[in-house]
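Mind folding the following:
(one chain, ligands or ions: 2)
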Amino acid sequence: MSTESHAQRTKLLGQWASAMIQAATAGALTGDPRKPLNIRGIETVAGPRAGALEVDAGLDAGKLLRVLTADGGALHRQFVPFAFVGEPSVYLAGRYVRLEAGWPDGLAECDVRLSSIGRHPRGDGRWIAGKNEYGQTITLAIDDTKPHYLFGGWTGSGKTWAMRAALAQLSQDQTNRLVLVDCKWGDGLGCLAHLPGLVGPLATDTETARAALSWAVAEMRRRYETGDKNGRIVVAVDEVQELTGKTGDPACTEMVRQLASKGRGARVHVLLGTQHPTVDVFSESQIKRNLVGRVALRTEDYKASEVVVGGPSPRADWLLGAGDCYAIVPGAVHRVQLAYILPGELEALNTGTPEMDAWPDFDPAAAGTLPAENGVRWEYNGDELAVALVGAHLGHGRPTLVKSLEAAGLGGPGSVRAARLLDLGRATYAWLLNNDWQLSEADGLPA
Ligand SMILES: Nc1ncnc2c1ncn2[C@@H]1O[C@H](COP(=O)(O)OP(=O)(O)OP(=O)(O)O)[C@@H](O)[C@H]1O
Ligand SMILES: [Mg+2]
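Numbering: from 1, shown residues only. Ligands and ions are numbered 1, 2, ... in the order given. Presented below is the predicted three-dimensional model:
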């Protein structure tokens, strides 16, 4: 950013702020000179992609928000003193009313190279995400409070570049081991196929993805069983909607669900990228709920924004694309221009060879249950398993499963035992579905 553009942005924000104060004081915002709005102060923020005003309107905050958002923000647009790109937005941020409008080409800063803002922060599951609106470098991390991340945004918003930058940095820490799945035939994460720390080959089809995820689930289980929680396992899936949800692969959906719901304690983490952040993709939102960290890039519409952001605001559908995002972690939201790594620089990081040159075969049992706590081993008999399997086929949940077991004279299992049986039935069912229920002559049955 040149000093000239910097001065220009500062000047425009100053004009915008004075125009707002003048109009509020004169009653122009309410259309009634007898009803001025009281503005106590305005902070200006020159972000990389958008300029913003943070308006402290005290008790008039609600009124100010109302007049500025009415009629599709018609009034708000009149005050922005530059040819903004995208949709200007108005929302409550803390106790301020925040007005944002995208800089036109000459003033925007879309180009934040990772090498220009720092080296990757080694260790602790951290990576440099980019630059926030105050020019500060924002670092994200996978840890106990943010074990898993969602990268969501429509096509071309910058998900893959964001995941590449994160994974390239994570690969530089020897305590991280990476599992990469790219459901776009390697177009996205293919350039990371030789990063250090890869466990196995990049998976680019459902069969390999199933094998890779089954390794990750088995490793999670091993970690729980042995108590060995050394280092992190980072499982990254780009375009996860191809693999999970209603139209995806049931076994993969189940395994991603398990990793997202139980991975934290075993230090197994998932980073999921999707252009279709719908509830369907995340199967009953069970997966989504566990993706605590969010990198919300520009979404197609408000509905998708709600899913990625996890609430009605801020609006990811009003972001400007190409790495403009809200980085959301518990207790903090930053508007960030994401840093990227040039393809040539990525090439230079591809110095590794995966530990395994092929994934072990998909193990349906790996998509089963976790070991029981306190050394208790659960055992189920064939009748119970049959009921669980039929229940899974019918889409029953735990309460119905318990009723069915009682009705079959198999006693009333406790809730933990029933939950495990439910998991087992679902995993077996998923495995059967994936194997197309194929009966062959070897089964002694007519094909
Ligand atoms: N952080 C960034 N800074 C600048 N430009 C970016 C950034 N991220 C992405 N872009 C630009 O946007 C383009 C699309 O990015 P990317 O391939 O990551 O999108 P995507 O969201 O993965 O899209 P798709 O859904 O089609 O895979 C890139 O080719 C690049 O030109
Ligand atoms: Mg992509």
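
only C-alpha atoms for contact and neighbour calcs from this point on.
Fine.

For the strand ranked longest in the chain, buried residues please.
Criterion DSSP state E: the longest strand present in the chain is strand 85-93. Judged by neighbour count (16 or more other CA atoms under 10 Å), strand 85-93 contains these buried residues: Val85, Gly86, Glu87, Pro88, Ser89, Val90, Tyr91, Leu92.

tell me which element the closest residue to Val97 other than its chain neighbours is part of?
With CA to CA, 6 or more residues apart in numbering as the criterion, Val97 has its nearest non-adjacent residue at 5.1 Å, and that residue is Val55. Assigning secondary structure by DSSP states H and E places Val55 in strand 50-56.

next one: Glu306
helix 302-309.

Need the residues that contact that helix.
Identification of contacts with helix 302-309 by CA atoms under 8 Å, 6 or more residues apart in numbering yields 150-153, 276-279, 294-296, 298-299, 312-313, 315-317, 328.

Show the buried residues in the residues you listed.
Buried members of those, counted by 16+ other CA under 10 Å: 150-153, 276-279, 294-296, 298-299, 315-317, 328.

tell me, which of those make contact with ligand 1?
With CA under 6 Å from any ligand atom as the criterion, the buried ones among the contacts of helix 302-309 include Gly153 near ligand 1.

Beta-bridge partners for the spatially most central residue of the chain, please?
By CA atoms, centre = their mean, the chain has its centre lying nearest to Leu150, at 0.8 Å. With DSSP bridges applied, Leu150 shows beta-bridge pairing to Leu272, Arg294.

In strands, which of the contacts of helix 302-309 appear?
Filtering the contacts of helix 302-309 for strands - DSSP E - leaves Leu150, Phe151, Gly152, Arg294, Val295, Ala296, Ile328.

mind listing what the fourth one touches?
By CA under 8 Å, 6+ apart, the contact set of Arg294 is Tyr149, Leu150, Phe151, Gly152, Val308, Val309, Tyr326, Ala327, Ile328, Val329.

The fifth one: neighbour count?
Just to be clear, that refers to Val308. Neighbour count of Val308, defined by other CA atoms under 10 Å: 32.

Give me the below-cutoff pLDDT ranges for the stretch 51-200 of the chain.
Low-confidence segments of the stretch 51-200 of the chain (pLDDT under 70): 119-122.

Gly263 reaches Arg257, doesn't it?
No - using CA atoms under 8 Å, Gly263 is not in contact with Arg257; the gap is 9.5 Å.

gap between the longest strand of the chain and the chain center?
Strand 85-93 sits 22 Å away from the centroid of its parent chain (CA atoms, centre = their mean, to the nearest Å).

by contact count, what packs against that strand?
helix 61-79, strand 96-102 (3 or more CA pairs under 8 Å, 6 or more residues apart in numbering; DSSP states H and E).

Cool, thanks, talk later.
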